[in-house]
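J.: have a look at this prediction, sequence included:
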Amino acid sequence: MLKKVAPILAAIVALGLSPRAPHAPRVHRHPVRIHSRLAPEEGPRPLPEGDIAAAGGTPFEGLWLLKDMPESLRALARPEHLKAAVERSIPEFASGAMTLEHVRPTRGLLEDGVFGGIFELTFKGPGGARRVVCLRGVADPRCPARVDGVLPGVPFGEDGWRCPVPELRLVLETLPADTALPALAVLTDPSRARALLEGAIRAGSPAYGDIRIQACRLVKVARYKFGSCCTILYRLEYGSEAAGRGWPEAVVAKTYSGDKGRVSYEGMRALWESELRWSTAVTIAEPLAFIPELRVLIQAAVAHESTLKDLLKSVLGKGTAKAVEEFRDRFAKTARGLAALHACTAHGRIVSFEQEMAEIRGRIVGLTSWMPGFDGALEPTLARLDALAASQPPQRPVPSHGSFRPAQVLLHEGHIAFIDFDGFCEAEPAMDLALFRASLKKSVMRLGWSAGRPEPSLDILPELDGLCDLFLDEYERMAPVSRERVALWETLYLLESVLNSWTKLEPDRLESGMALLERHVRQSHSSFA
């Protein structure tokens with residue numbers, strides 16, 4: 001697969017974006033709020049003598065300690081091992097009454113030495129019908145799996161069912177009621193949801209103060225993370241009085257366990273009240289209401305056929321000239337849309353590189369219980385990153401997406417839209433640009449995965465770097481940016497990705513993550529030296 005990817009990426013890079021992408025009107029920045037510290041005629045600053053690649057050897061060599069994951073944890077990440085252990089432990093599968101086909105851990109996270117996640121089991125019941133059940137699982141490799149308070153006679157998958165998987169020190173149980181998301185019961189009932197949506201939209205959007213929803217159809221649950229968030233798409237139906245009123249045909253309701261809903265709503269409201277609402281470069285969703293007591297955000301749905309991430313997978317799979325041309329066009333529009341977002345006058349909380357570094361350090365410290373000295377092995381490199389950041393002052397904060405990835409870019413009839421402003425903030429432009437670049441690289445590398453071990457493909461990295469540089473080139477046609485700061489932030493995000501290979505129990509992604517990080521550090525050094 002990855003051998004096929006390389007020539008396609010090379011073709012996109014060889015063609016470039018600028019020659020065929022039409023020039024959009026240059027984005028005019030607000031004269032007071034946004035001002036680059038790099039004048040247009042200035043070139044990029046060289047790295048100082050003590051940059052992160054200058055210490056000899058591999059600067060992030062200490063990260064290879066992550067290879068020494070305990071077997072008790074690594075077993076949870078091996079599909080066949082996990083399936084066999086679960087099969088032996090659950091009586092219905094051990095007896096042959098049901099046939100287990102697959103076990104897949106999803107949305108897992110290692111915190112304080114304990115792994116918790118959702119395990120998706122696909123199996124055939126007594127009649128041969130295939131079913132999928134999601135169970136919550138908690139594994140503490142430091143102590144035996146114990147089940148207290150088991151209700152006797154509870155069938156597999158029913159409320160109150162629990163079962164230990166001793167050899168993995170894992171306890172599985174049916175998902176209890178999601179008390180962290182109290183709005184779920186209402187949002188998943190179309191009748192109750194209709195009343196909730198109508199009342200909230202009337203109160204939250206004066207333009208729709210007399211909206212009357214006749215019926216509400218739940219189209220799909222677009223995303224659900226137990227105990228964290230849920231996103232639901234609805235199609236709305238109205239009576240004859242709606243003709244010509246511009247009432248939304250479809251809406252999205254999002255409910256959250258914490259404060260993200262409020263942050264997202266306030267960010268979307270700020271963007272909607274700015275000039276970005278009228279932008280021809282990018283579409284944003286209209287925020288309709290926020291219900292604080294239920295932590296529910298309601299927004300108008302944005303029409304789309306796919307995402308930029310979907311298109312990337314498609315073009316790398318097909319590789320036709322038409323697919324390449326379509327991707328180049330949408331890719332360039334995404335860069336210009338991001339420049340338009342950064343140029344608007346919306347306000348949000350400030351996020352800095354130093355704050356993100358502090359979070360990374362906290363994650364590293366959290367792993368020292370498994371790997372004593374892990375933080376010490378990385379501290380010299382992190383200190384050099386701090387020094388590098390101090391030597392290259394950031395540009396002034398601009399309105400930023402905060403979690404900008406190809407999956408957050410919707411595509412519709414040649415146009416683009418940005419969604420998911422849960423992380424909306426003000427930050428230097430480099431933050432969004434670096435996260436997008438790092439996410440793009442990871443997405444392409446993961447296309448080489450198979451059902452077995454991944455095959456990190458170093459031969460595609462030059463083309464992948466070129467693709468990311470094209471994105472930066474197109475952005476820079478619209479707005480100035482410090483490439484040194486982009487490289488700095490990208491180092492941080494690629495480092496975070498490597499740490500995720502442990503905390504998300506994805507050990508087989510360590511090699512490809514390290515390949516991306518180490519190449520990025522070398523390339524950044526050679527580019528700025």
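T.: Right, received. Where do you want to start?
J.: which SS class is Val221?
T.: Recorded secondary structure, Val221: strand (DSSP: H, G, I helix; E, B strand; the rest coil).
J.: residue contacts, it?
T.: Taking Cβ atoms under 8 Å, 6 or more residues apart in numbering as the contact definition, Val221 lies against Thr188, Cys230, Thr231, Ile232. C-beta: built from backbone N, CA, C; applies to glycine.
J.: show me these that map onto strands.
T.: Among those, the residues falling in strands (DSSP state E) are Cys230, Thr231, Ile232.
J.: who does the lengthiest helix in the chain touch, helix- and strand-wise?
T.: In the chain, with assignment by DSSP state H, the single longest helix is helix 321-343. Using 3 or more Cβ pairs under 8 Å, 6 or more residues apart in numbering; DSSP states H and E as the contact test, the elements touching helix 321-343 are helix 2-15, helix 308-318, strand 398-400, strand 409-412, strand 415-418, helix 429-446, helix 461-476.
J.: any stretches of the stretch 401-529 of the chain with poor pLDDT?
T.: 448-458, 525-529 (pLDDT under 70).
J.: convert the top strand by length along the chain to PDB, retaining C-alpha atoms only.
T.: When the chain is parsed with DSSP E, its longest strand is strand 99-111. In PDB, the C-alpha atoms belonging to strand 99-111 read as follows (Å, rounded to 0.1, in the frame of the first residue of the first chain):
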ATOM      1  CA  THR A  99     -19.000 -17.700  18.800                       C
ATOM      2  CA  LEU A 100     -16.700 -14.700  19.400                       C
ATOM      3  CA  GLU A 101     -15.400 -13.300  16.100                       C
ATOM      4  CA  HIS A 102     -13.500 -10.100  17.000                       C
ATOM      5  CA  VAL A 103     -12.500  -8.100  20.100                       C
ATOM      6  CA  ARG A 104     -11.400  -4.500  19.500                       C
ATOM      7  CA  PRO A 105     -10.300  -2.100  22.300                       C
ATOM      8  CA  THR A 106     -11.400   1.500  21.400                       C
ATOM      9  CA  ARG A 107     -11.000   4.900  23.100                       C
ATOM     10  CA  GLY A 108      -8.600   3.400  25.600                       C
ATOM     11  CA  LEU A 109      -6.300   5.400  27.900                       C
ATOM     12  CA  LEU A 110      -3.600   4.500  30.400                       C
ATOM     13  CA  GLU A 111      -3.800   6.800  33.500                       C
END
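J.: and that strand, what's its mean pLDDT?
T.: For strand 99-111, mean pLDDT is 85.
J.: next SSE downstream of it?
T.: Next helix or strand after strand 99-111 toward the C-terminus (DSSP states H and E): strand 114-124.
J.: list the contacts of the helix or strand following that next one.
T.: Per DSSP H and E, the first helix or strand lying C-terminal to strand 114-124 is strand 130-139. With Cβ under 8 Å, 6+ apart as the test, strand 130-139 has contacts from 72-73, 76, 101, 105, 114-125, 145, 156-157, 168-176, 226.
J.: now strand 130-139: mean pLDDT?
T.: 90.
J.: quick one: strands adjacent to whatever helix or strand comes next after it?
T.: As assigned by DSSP H and E, the chain's next helix or strand after strand 130-139 is strand 162-165. Using DSSP bridges, strand 162-165 pairs in its sheet with strand 170-174 (antiparallel).
J.: give me the angle between the partner strand and strand 114-124.
T.: 60 degrees (axes from the mean of the first three to the mean of the last three Cα atoms, to 10 degrees).
J.: buried residues, strand 170-174. List them.
T.: Buried residues in strand 170-174, counted by 16 or more other Cβ atoms under 10 Å: Leu170, Val171, Leu172, Glu173, Thr174.
J.: could you do stretch 265-285 as well?
T.: Across stretch 265-285, burial judged by 16+ other Cβ under 10 Å covers 265-272, 274, 276, 279, 281-285.
J.: can you give me the end-to-end span of that stretch?
T.: Start and end residues of stretch 265-285 are separated by 11 Å (Cα to Cα, to the nearest Å).
J.: repeat for stretch 367-375
T.: From its first residue to its last, stretch 367-375 covers 8 Å (Cα to Cα).
J.: please apply the same query to stretch 154-168.
T.: One end of stretch 154-168 sits 23 Å from the other (Cα to Cα).
J.: avg pLDDT for it?
T.: For stretch 154-168, the per-residue pLDDT averages 88.
J.: next, format the contacts of Val221 as TSV and append neighbour count.
T.: Shown next, in TSV, are those (neighbours: other Cβ atoms under 10 Å):
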residue	neighbour count
Thr188	14
Cys230	22
Thr231	19
Ile232	22
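J.: just give me the closest of those residues to Phe471.
T.: Phe471 has its nearest neighbour among the contacts of Val221 in Thr231, at 26.8 Å by Cβ to Cβ.
J.: quick one on the thing from earlier: between the buried residues of strand 170-174, which sits nearest Pro393?
T.: Leu170 (48.9 Å).
J.: find the residue closest to that closest one in space, skipping its chain neighbours.
T.: Among residues not flanking Leu170 along the chain, Ala139 sits closest, at 4.1 Å (Cβ to Cβ, 6 or more residues apart in numbering).
J.: leaving out chain neighbours, which residue sits closest to Asp365?
T.: Residue 365: Val, not Asp. Spatial nearest neighbour of Val365, excluding adjacent residues (Cβ to Cβ, 6+ apart): Asp375 at 5.3 Å.
J.: same question for Gly209.
T.: Arg202 (5.6 Å).
J.: sorry, back to before: quick one: the residue nearest to Val365 is in a strand?
T.: No: counting by three-state DSSP, one finds Asp375 to be helix, located in no strand.
J.: residues contacting it?
T.: Arg361, Ile364, Val365, Leu367, Thr368.
J.: let's see if you can find the most crowded of these.
T.: Highest neighbour count within the contacts of Asp375: Ile364, with 21 neighbours (other Cβ atoms under 10 Å).
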